[in-house]
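> build the 3D model from these lines:
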Amino acid sequence: MASSPLRDMKVLYSGRDPALKSAMIDVLIVGAGPSGLFAAELLAAQGHAVTLVERMPSPARKFLMAGRGGLNLTHSEDLEKFVERYRPSGGFVETLIRDFPTKDLIAWCHGLGQETFVGSSGRVFPKSMKASPLLRAWLQRLGRLNVQLLGRHMFLGFSETGDALIQTTTGETKAFPAHAVLLGLGGASWPKLGSDASWVPCLEASGVRVNRFEPANCGFLVDWSAHLKARHPGAPLKRIALSLDEKSVLGEAVISEKGLEGGAVYALSADIREKINQDGEAELAIDLRPALTLEELMRKLSRPRGKQSLSTFLRKSVKLNPAKQALIREAGPLPPDPSELVTRIKSVPVMCRAPYPIDRAISSAGGIALDELDENLMLKKMPGVFAAGEMLDWEAPTGGYLLQACFAMGQRAARGIDAYLADKKELAP
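Predicted coordinates for the structure are as follows:
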């Protein structure tokens, strides 16, 4: 994690007088990711004065990065199946998504003039495929709602009176008094885009339990042979099935010099990580031809190959390219018996030693323990301070599930803040 002035601070949150003071802004949102931006929009639409501060020069850096290859907003699958994707925090996330389901996110996107389509995998994308047109339209809407967005402003913690302390563009530390604060500071993946978890000591000093961050949706280190690393780095493994114990997924993967990555790996990354934490390693099984049964594969490999080399025979008869053949050989010399070869092709063992470093992970697991929050995402030990997004300890695979949950958390936090402010106004003299 990158160093930060926050690490040297021992400021405890002590809260403030519940009576509202007109000198304060209504809501301070720290972190301009999807959760923070969406909460800002909803709160401003309700008439609250919102100031949003972001440590990076511009907002939604990770959102833009995620959209470089096509912004996967959400997924079109049935809601009951959709909510099952969130493990082990499914119950927590399920209530949020039932309040803000996929159809609502799609409608919101359409409301910004960005039409969507459903891809062959069921994933939902803007027709432009890019994040930038959507973000531009979004920021224009926030501007019309008078949301104040301040870039290059870094959160340092809280003062003794409960005001957020912000380092401004000049390097000066200023207190930002607000009736309510929403923290959307991100997790620990992609620190160069602003999420470095430097906020952890501040919340821990106030008694908030933060679970250790771990990489999620990540690749895993494998001790490949020198031959494989030299000849096939970056080679795609298309149309495979990847299994760990009783779980199996269809998809694609990529061989890297360090190990194995790609969509199928990310789908099992939580299970692989937990297996490694428990046993020190995790053995995957890769089916290189999942579309063929053992019997079909046996028939193809039992045909005479004539003068063809074994490599040519495997390439032509069962569509195994050089990278897949090299992967088979990682488990030892090719067995001469067709039945043994069939078994190898249908279940190539690959031993994963450790996850890739967290700064290379798509997302992170860990964060604020969910029992530290009330149902409106307010920290129980810090009244008036809410948290959302990847700061919290939840996890989801890629495929639109991450963004859907972040938007749903933004909505829940906004509703919670709105209710909190209404209650405080009733207490004001």
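
> buried set for the longest helix along the chain?
As assigned by DSSP state H, the longest helix anywhere in the chain is helix 401-427. Going by neighbour count (16 or more other C-beta atoms under 10 Å), the buried part of helix 401-427 is 401-418, 420-421, 424. For every residue, glycine as well, the C-beta is placed using N, CA and C.

> go on, stretch 214-234?
So, applying 16+ other C-beta under 10 Å, buried residues of stretch 214-234: 214-222, 224, 228-229, 232.

> would you reformat those residues as TSV and include distance to T312 and pLDDT?
As requested, the buried residues of stretch 214-234 are exported to TSV (distance: C-beta to C-beta, whole Å; pLDDT from 0 to 100):
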residue	distance to T312	pLDDT
E214	44	96
P215	40	96
A216	41	95
N217	37	95
C218	36	96
G219	31	97
F220	32	98
L221	33	98
V222	27	98
W224	24	97
L228	20	96
K229	24	94
H232	18	96
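
> and of these, the nearest to L377?
In terms of C-beta to C-beta, no member of the buried residues of stretch 214-234 lies closer to L377 than A216, at 20.2 Å.

> ok, that closest one to E390 distance?
9 Å (C-beta to C-beta, to the nearest Å).

> in the stretch 251-400 of the chain, which spans are strands?
259-261, 282-287, 348-352, 354-355, 363-368, 385-387 (DSSP state E, counting those that start in this stretch).

> hang on, I meant the stretch 1-150 of the chain
Under DSSP E, counting those that start in this stretch, the stretch 1-150 of the chain gives strands at 25-30, 50-53, 74-75, 116-118, 123-126, 148-150.

> okay, now the closest residue in space to D287 that isn't next to it in sequence: neighbour count?
Nearest residue to D287 in three dimensions, chain neighbours excluded: A241, at 3.9 Å (C-beta to C-beta, 6 or more residues apart in numbering). Neighbourhood size, A241 [other C-beta atoms under 10 Å]: 18.

> next, the buried residues of the host helix or strand of A241.
Element membership for A241 (DSSP states H and E) is strand 236-244. Neighbour-count burial for strand 236-244 flags L237, I240, A241, L242, S243, L244 (criterion: 16+ other C-beta under 10 Å).

> then stretch 164-172?
With burial defined by 16+ other C-beta under 10 Å, the residues of stretch 164-172 counted as buried are A164, L165, I166, Q167.

> any idea how far that stretch is from the middle of the chain?
Averaging C-alpha positions (C-alpha atoms, centre = their mean, to the nearest Å) puts stretch 164-172 28 Å from its chain's average.

> nothing else from me, thank you.
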